[in-house]
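S.K.: Provide a 3D model corresponding to the input given below.
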Amino acid sequence: MTEEASSATPGGEFEREPVPDSALLGSGKFWGMYAGEHAAGTEFMIGPLFLAAGASLSDLILGLLLGNVLAVLTWRFLVVPIAMAKRLTLYYQLERISGGSLVKFYNLVNGLLFCFLAGAMVTVSASAVGVPFDITFDVPSNMFGLSNPSFTVLVAIVGVVIAAVAAGGYERVARVANIAAPWMIAVFAACGIVSLAQMEATSVAALSEGKFWDDAIAFVQEKNGPQTFGFWQIVVFAWLCNGAMHFGMADLSIFRFARSKASGWAPAIGMFLGHYMAWIAAALLLAALIKIQPSLAVGEDGKVTANPGLLAFQSLGWAGIICVVIAGWTTANPTIYRAGLAFQGVLPKTSRTAMTLVAGAVATIAGAFPNLSAQLLGFVGTYGTVLGPMGAVIFVDFYLMKRLGLRDEYARHSGTRFNIAVLVAWLLPVAVGLYLILWQGLFAAYAVIPCWIVCGLLYLVLSKFTQKELADQANASPNI
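M.R.: Numbers count the residues shown, from 1 in each chain. Coordinates of the predicted model:
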């Protein structure tokens, strides 16, 4: 019996073994999941934030186009070949390279960051549920301040439903996304069309002039203060806002089920119907609200806030409310699924279902703090900076280690539980990146690729020393 076969788990998700041929999925499952995940709740938050940050309409249209093309290519040519060759989760693959003790720390960080992202989607869904009940979506001044008690209760209810779906496994997550995605995409398009009609921007000339957009930016910046968000920031953000999933290889856990490489193009539907069309449509929702009812766009603190439920309700009524709720679910479901796998990597003897429920609980707690969702432009770049570089370790291990005479999957073959080369290669560039982001004001997404490259190079160089040192020690040990 092989090591892989002996590590099989009864849950059917193949957390510690390669996915067998009998469990592989066709491309349709991936197209539906990526459509549901990326034409989803984050779009209702991120789209308006572009407008609030001062991005011009032309920069947004062209910058998102280029950035999303780069993101699709990264998924297809960076993640999919390794996923289909190894058929392992990110977490088990890292364990074989880094050792069990080190990967537990990484898994904990990974799972928590994914929970915070899922928590923002719980907030988004709860904001929509609260609109018909007149439950407000207050954003407190304190980063970790709670909203009002009624909204906190809504967050708890929504979080329980999302966690229950994610706990059912990848097949259930994909099924929910397949059902919801086509309708949600249509609603997003309707949001943009209705918003343009509300602003009377129904001609090519009106769109090219973009005066309605500029007026909305001026209104926001009068309330919130001046900001700028240029073309290359938009490109890099669109490319790397999911950096942890492609550069960081988190979606190895998803594409290990792929039957063919054609599934690797599935992120395109999420990028261009979600991170392109839906972001722009969601931004238009805020522009329309500012033109028609500017008082509704201003919170109790006198600043403009993006309330996803209110924006959608003002445009499409109940259809908008339902879309925001389901959109939050379809983003949070696969994110909590990934977090559950990460937590299971910390406690391998536990079931994936139990750990997914734990992840759902953490995400629900995070969702009770509305300021987390209001910081998405910065947060997704930061978590890509933290998690992305470890993907370089997997890339180097897969493509370069054997070619350079080094041992791939070193922890698995040597028996070490703590590969110091991986720890230093990961933490050193991440520490520098976080310093530049948090203390020097660097736009968070700019740090992802430099940290990724430095991590890969460091891992390669350090492995030459650490693997040689351990080999020399073994040769020097007397035979007993």
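S.K.: quick one, helices of the stretch 151-300 of the chain?
M.R.: For the stretch 151-300 of the chain, the helices defined by DSSP state H, counting those that start in this stretch occupy 170-198, 204-209, 211-224, 231-240, 252-255, 267-272, 279-292.
S.K.: could you redo the ones you listed as a markdown table and give each row mean pLDDT?
M.R.: A markdown table is the format used below for the helices of the stretch 151-300 of the chain (pLDDT from 0 to 100):
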| stretch | mean pLDDT |
| --- | --- |
| helix 170-198 | 76 |
| helix 204-209 | 68 |
| helix 211-224 | 87 |
| helix 231-240 | 96 |
| helix 252-255 | 90 |
| helix 267-272 | 93 |
| helix 279-292 | 90 |
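S.K.: I'd like to know which of those helices lies nearest to residue 463.
M.R.: Taking CB to CB, helix 252-255 is the member of these nearest to residue 463, at 20.5 Å. The way it works is simple: take the backbone N, C-alpha and C, and place the C-beta from them, glycine included.
S.K.: which outside residues touch the closest one?
M.R.: 30, 33, 79-80, 82-84, 86, 88-91, 93, 170, 263-264, 334, 338, 341, 394 (CB atoms under 8 Å, 6 or more residues apart in numbering).
S.K.: can we see that at 7 Å?
M.R.: With contacts defined as CB atoms under 7 Å, 6 or more residues apart in numbering, helix 252-255 is touched by 79-80, 82-84, 88-90, 93, 263-264, 338, 341.
S.K.: so what's the closest residue to residue 255 other than its chain neighbours up against?
M.R.: Ranked by CB to CB, 6 or more residues apart in numbering and with sequence neighbours excluded, the top spatial neighbour of residue 255 is residue 83, at 3.6 Å. When contacts are counted by CB under 7 Å, 6+ apart, residue 83 touches 252, 255-256, 258.
S.K.: just those residues now: which is nearest residue 112?
M.R.: Nearest to residue 112 among the contacts of residue 83, with distances taken as CB to CB, is residue 252, at 19.2 Å.
S.K.: Buried ones in stretch 91-105, by neighbour count?
M.R.: For stretch 91-105, a neighbour-count test (16 or more other CB atoms under 10 Å) marks 91-100, 102-104 as buried.
S.K.: roughly how far is it from the heart of the chain?
M.R.: From the chain centre to the centre of stretch 91-105 is a distance of 21 Å (CA atoms, centre = their mean, to the nearest Å).
S.K.: CA atoms only for it, dumped as PDB, please.
M.R.: Extracted as PDB, the C-alpha positions of stretch 91-105 are listed here (Å, rounded to 0.1, in the frame of the first residue of the first chain):
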ATOM      1  CA  TYR A  91      -1.800  22.200   2.500                       C
ATOM      2  CA  TYR A  92      -0.800  18.600   2.100                       C
ATOM      3  CA  GLN A  93       1.600  19.600  -0.700                       C
ATOM      4  CA  LEU A  94       3.300  22.200   1.500                       C
ATOM      5  CA  GLU A  95       3.500  19.600   4.300                       C
ATOM      6  CA  ARG A  96       5.500  17.300   2.100                       C
ATOM      7  CA  ILE A  97       7.900  20.200   1.300                       C
ATOM      8  CA  SER A  98       8.000  22.200   4.600                       C
ATOM      9  CA  GLY A  99       7.400  19.600   7.200                       C
ATOM     10  CA  GLY A 100       4.400  19.100   9.500                       C
ATOM     11  CA  SER A 101       5.300  21.600  12.200                       C
ATOM     12  CA  LEU A 102       6.000  24.500   9.900                       C
ATOM     13  CA  VAL A 103       3.000  23.900   7.600                       C
ATOM     14  CA  LYS A 104       0.700  24.000  10.700                       C
ATOM     15  CA  PHE A 105       1.700  27.600  11.300                       C
END
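S.K.: circling back: so which of the contacts of helix 252-255 belong to helices?
M.R.: Judged by DSSP state H, helices contain the following of the contacts of helix 252-255: 80, 82-84, 90, 93, 338, 341.
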